[in-house]
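Peer 1: What would the 3D arrangement of this be:
(chains A and B)
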Amino acid sequence: MVGTRTGRVPMSDTSTPSGGDRYDWHTAQDRWLPVWEKLDQFRASEYPADRPRKYVLDMFAYPSGDLHMGHAEAFAIGDVVARYHVLRGYAVLHPVGWDSFGLPAENAAIKRDLDPAKWTYANIETQAESFKRYAISFDWSMRLHTSDPGYYRWTQWLFLRMFERGLAYRKESAVNWCPQDQTVLANEQVVGGRCERCGTAVTKRSLTQWYFKITEYAQRLLDDMTALEGHWPERVLTMQRNWIGRSEGARVSFAVEGRTEPVTVFTSRPDTLYGATFMVVAADSALADELCAPERRAELAGYLEQVARLSDIERQSTDRDKTGVFLGRYAVNPVNGERIPVWASDYVLADYGTGAIMAVPAHDQRDLDFARQFDLPVRVVVDTGAPDPAQTGVATPGEGTLVNSGPIDGLTKGDAIRRIVDILAERGVGAATVSYRLRDWLLSRQRFWGCPIPIVHCPTCGEVPVPEDQLPVRLPELSGADLRPKGVSPLASVAEWINVACPRCGADAHRDTDTMDTFVDSSWYYLRFVSPYDDQRPFDPAELRKWMPVDQYIGGAEHAILHLLYSRFFTKALYDMGLIEFTEPFKALLNQGQVILNGASMSKSKGNLVDLGEELRKYGVDAVRLTMIFAGPPDEDIDWADVSPAGSGKFLARVWRLASEVGAAETTRGEGDTEVRRVTARTVHEATQLVETHRFNVAIARLMELTNALRKAVDQGPGAADPAVREGATILAIMLSLFAPYCAEECWSKLGHAVETGDTVSRAPWPRAEPALLAEDTVVCVIQVNGKVRGRIEVPTSIGADDLRDRALGTDTIAGLLGGAEPSKVIVRAPKLVNVVLPA
RNA sequence: GCCCCCGUAGCCCAACUGGCAGAGGCAGCGGCCUCAAACACCGCACGGUGUGGGUUCGAAUCCCACCGGGGGCACCA
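Peer 2: Numbering: from 1, shown residues only, chains lettered A, B, ... in the order given. You can find the predicted model right below:
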């Protein structure tokens, strides 16, 4: 467990001179944690109804063990945002949950011969205790686990809504297969073409699987990103755009000899249609099989076998020679009537475009490689000025003038595309179209520890949804050896579970034995959080209206595409179903960096893990949290070797001592020292701006400055009893509570607040800076000569440009440098700068 | 190979978006305490912003090229 009292280390004895009140984080943690638990201060439902609302959400945790350094950083950042908004007077929803289905639980269960649920829920309890001790301002009444039947019941319900609308469907396609483990693998379980668990090279296998039709939303997923611009990291938006991969082009139909239906291809370069010298269809497509001439059948079969033997590693190698077979058939180019051979190859993908391409070897490198491999003709149709690709082996994909292209000769690319698309449309053999590289989302897994797919397969009725009143379809209890991979889902061998009557006709039928990808669970949890215990519906519309969309989402960049894209898709689909009233789930997104060590990411296999529990035992919760936030901008990686939790502790000790001294002093009457008041006001002003803009590390630097200024005021200025010093210390405690809640609470208490009875620092109002204290009467103006600083004068802040110019030129140094000559130019930026340019 | 981000002091990082390069911290050094030390406290920054050009009265900031580091995509027609 994290941060227990065991193993005290002298590190914390950053004590004051003898007799003083020394910083003691052990005591603070032990004193305030139970008080906070009792007060339960962050319940979203307890805030007064008239408060404006904020929904602050951290990407929920996977319960793989106790919390680690990565959690500590991410949740510390989210907590700063949540606590700030609470102090600013918002009603804040900051819920906690677990993404608790998934493969690691299953693997652990197999290894230790136990029930994945036991392992999972034990880890969740450990993490929950750690979160509490780590002082995250969660609303513990809004808690969920995706593996609870009360949750996955609604995951199944949503799946059925998708199914009704045709957004969930089954199809056969090639999926990742691990020959060693005898199981299908998710894309994310394939690392570098190898099985993440056993290291075996992954191959493809054709299987019938469930998909979500995310491709139907490709354009909207793209368009709606404009609303996220400026609120999401640009990097994430770019990655999503690339992933969706919109490509404009045309469909062109080629008649095929001996076939009534033409074959349609997608091309982004219809202008090069006259340069098409052959056609290629995806070797593993039904089309290849159909087009293949009888005498070529054996050859194609042999080729397919050869392709299937390839591992992903080999398949993805870019410098691999092109392979393929001639199908013994010819297509006809619709614009010039030319007869071109039809080939099959694995470099054309079955599931992109139409699974067939027109090959223009002169202007596409892949086609050229293929043409040279099989001695096919190369015809230049765009004159780019570059040498002949047939000679050089280098295709010329650039712009130029069309040649050898009949009616579009002499045109440039854009004009040629428009013209040729018109011609194709007139003849009914083509049209402009858009293609996306986004694929439908494969959601079925042959795994146990996931949400069962609520479908019954009936020999007569086909795929039949489980009736709503029978949800959830619960997982049976399996453990240990029952879960060992055997090529089909472990659920398939539980006879009493799979055999059911068809809900429609009553005949003998069987349940679908697959479970859902855990990304399905996490695609809607932010909706469930507004009403996690509602057993009538997945979410309460009135609560959704109150809280959604999420105001600030916080999480790692590793989910830049999958989770965030899936969640955006779910939101749009649910909107279309009329279930919710918004189309984007997360208004703003903050990606935190990673915690690394000595320049390398930490991992068990490298043996360079920094243990969070140990750090917390050494330095305390506050020092670790403060170190995470102070290390740098939140989106940058933190190298734990470069930062100093001991240094953070030192700062907290200074604040502690300050509050202690001020708290013990008999504060005098009045406003107090003006200079101290000004420093405090400036700090409030700047720190507020900095927190708003997520520059938390700089905000902490400002708090350190304030601490230093107050220290000086106590030792060498108006003293600890000065009202302005007390005000400064009080405000410091409030602002510090975002980062170091235990120390801040302790200081708050020292300053005379009855924390035990509810006067906590978390309920203090965020300070405001009095504008009068921010205004300065005079400012130091820099006088430059030719851009170099040559003097300074103190001037009124309100000074006019002409006045300032005269005063600057009148100073002795400048007058001396001018020597009576007229400056060639004087730039005045009142009131802070004057630059005098001397004649050359 | 293509695209994106980042290079400021020994280290982590600031610099009001073109105006005095240094706020904060770590490490270090000196002082003060001490029998001595640790802790605390006080004090200490000639690096000109990766390199080379350019724009400008003025560049860490804008533009170009290169070097170094990180990330994403890589047969998507």
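
Peer 1: what ranges do the helices span in the stretch 151-300 of chain A?
Peer 2: A:218-223, A:234-244, A:286-291, A:297-309 (DSSP state H, counting those that start in this stretch).

Peer 1: helices and strands around the last one, which ones?
Peer 2: Packed against helix A:297-309 by the contact rule (3 or more CB pairs under 8 Å, 6 or more residues apart in numbering; DSSP states H and E) you find strand A:203-212, strand A:325-332. Backbone N, C-alpha and C define where each C-beta goes, glycine included.

Peer 1: what's next to that helix, contact-wise?
Peer 2: Here helix A:297-309 makes contact (CB atoms under 8 Å, 6 or more residues apart in numbering) with A:203-204, A:283-284, A:288-289, A:292, A:323-325, A:327, A:344, A:346.

Peer 1: same thing with the first one?
Peer 2: When contacts are defined by CB under 8 Å, 6+ apart, helix A:218-223 is touched by residues A:214, A:240-241, A:244, A:246, A:434, A:436, A:438, A:565, A:568-569, A:572, A:583.

Peer 1: For ChimeraX, what selects the buried ones among those?
Peer 2: Here is the ChimeraX command that selects the buried residues among these (16 or more other CB atoms under 10 Å):
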select /A:214,240,244,436,438,565,568,569,572
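
Peer 1: would a markdown table of the contacts of helix A:218-223 with distance to A:L703 and pLDDT be doable?
Peer 2: Below are the contacts of helix A:218-223 laid out as a markdown table (distance: CB to CB, whole Å; pLDDT from 0 to 100):
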| residue | distance to A:L703 | pLDDT |
| --- | --- | --- |
| A:I214 | 45 | 93 |
| A:Q240 | 37 | 90 |
| A:R241 | 39 | 89 |
| A:I244 | 43 | 91 |
| A:R246 | 47 | 90 |
| A:V434 | 52 | 92 |
| A:Y436 | 49 | 91 |
| A:L438 | 46 | 89 |
| A:L565 | 38 | 93 |
| A:R568 | 37 | 95 |
| A:F569 | 42 | 95 |
| A:K572 | 42 | 97 |
| A:T583 | 40 | 96 |
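
Peer 1: Give the full set of residues in contact with the residue of chain A found nearest RNA strand B.
Peer 2: For chain A, the residue closest to RNA strand B is A:G647, as judged by CB to the nearest atom of the strand, at 2.6 Å. With contact taken as CB under 8 Å, 6+ apart, A:G647 is in contact with A:T627.

Peer 1: On the three-state scheme, it is what?
Peer 2: What DSSP: H, G, I helix; E, B strand; the rest coil gives for A:G647 is helix.

Peer 1: Kindly tell me how buried A:E581 is, as a neighbour count.
Peer 2: Other residues within reach of A:E581, judged by other CB atoms under 10 Å, total 12.

Peer 1: pretty sure it is in a strand, no?
Peer 2: No - in this structure, A:E581 is coil, not part of a strand, as judged by three-state DSSP.

Peer 1: What is the neighbour count of the nearest residue to A:S147 once chain neighbours are set aside?
Peer 2: Among residues not flanking A:S147 along the chain, A:S100 sits closest, at 4.1 Å (CB to CB, 6 or more residues apart in numbering). Look at A:S100: counted by other CB under 10 Å, it has 26 neighbours.

Peer 1: so which strand or helix has A:S100?
Peer 2: Under the criterion of DSSP states H and E, A:S100 resides outside all helices and strands.

Peer 1: Quick check on the nearest residue to A:V403 once chain neighbours are set aside: phi, psi?
Peer 2: In space, and not counting its chain neighbours, A:V403 is closest to A:D383: 5.0 Å by CB to CB, 6+ apart. Note on A:D383: backbone dihedrals following degrees, to the nearest 10 are phi -90, psi 100.

Peer 1: does A:D383 really touch A:G398, like I thought?
Peer 2: No - look at A:D383 against A:G398 with CB atoms under 8 Å: they stay out of range, at 10.4 Å.

Peer 1: before we move on, the earlier item: any chance of the contacts of helix A:297-309 in CSV, plus neighbour count?
Peer 2: Output for these, formatted as CSV (neighbours: other CB atoms under 10 Å):
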residue, neighbour count
A:T203, 17
A:K204, 17
A:A283, 27
A:D284, 23
A:A288, 26
A:D289, 16
A:C292, 23
A:T323, 17
A:G324, 22
A:V325, 20
A:L327, 26
A:A344, 29
A:D346, 21
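
Peer 1: residues from the stretch 551-700 of chain A in reach of RNA strand B?
Peer 2: Within the stretch 551-700 of chain A, the positions near RNA strand B by CB under 7 Å from any atom of the strand are A:557, A:561, A:630-633, A:636-637, A:639, A:642-644, A:646-648, A:650-651, A:653-654, A:657, A:695, A:697-698, A:700.

Peer 1: Sitting in helices, which of these do you find?
Peer 2: Among these, the members falling in helices (DSSP state H) are A:630, A:646-648, A:650-651, A:653-654, A:657, A:697-698, A:700.

Peer 1: Just the buried residues from those, in PyMOL please.
Peer 2: Buried residues among these (16+ other CB under 10 Å), as a PyMOL selection:
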select buried, chain A and resi 630+648+651+653+654+657+697+698+700
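
Peer 1: Quick check: residues of the stretch 401-550 of chain A near RNA strand B?
Peer 2: Contact residues (CB under 7 Å from any atom of the strand) of the stretch 401-550 of chain A with RNA strand B: A:435, A:437.

Peer 1: cutoff 10 Å now
Peer 2: A:434-439 (CB under 10 Å from any atom of the strand).

Peer 1: and which of these is nearest to A:V725?
Peer 2: Set against A:V725, the nearest of those by CB to CB is A:L438 (60.5 Å).

Peer 1: give me every residue that touches the closest one.
Peer 2: Shown in contact with A:L438 (CB under 8 Å, 6+ apart): A:214-215, A:218, A:221, A:243-245.

Peer 1: ok so it is a strand residue?
Peer 2: No - counting by three-state DSSP, A:L438 is not part of a strand but coil.
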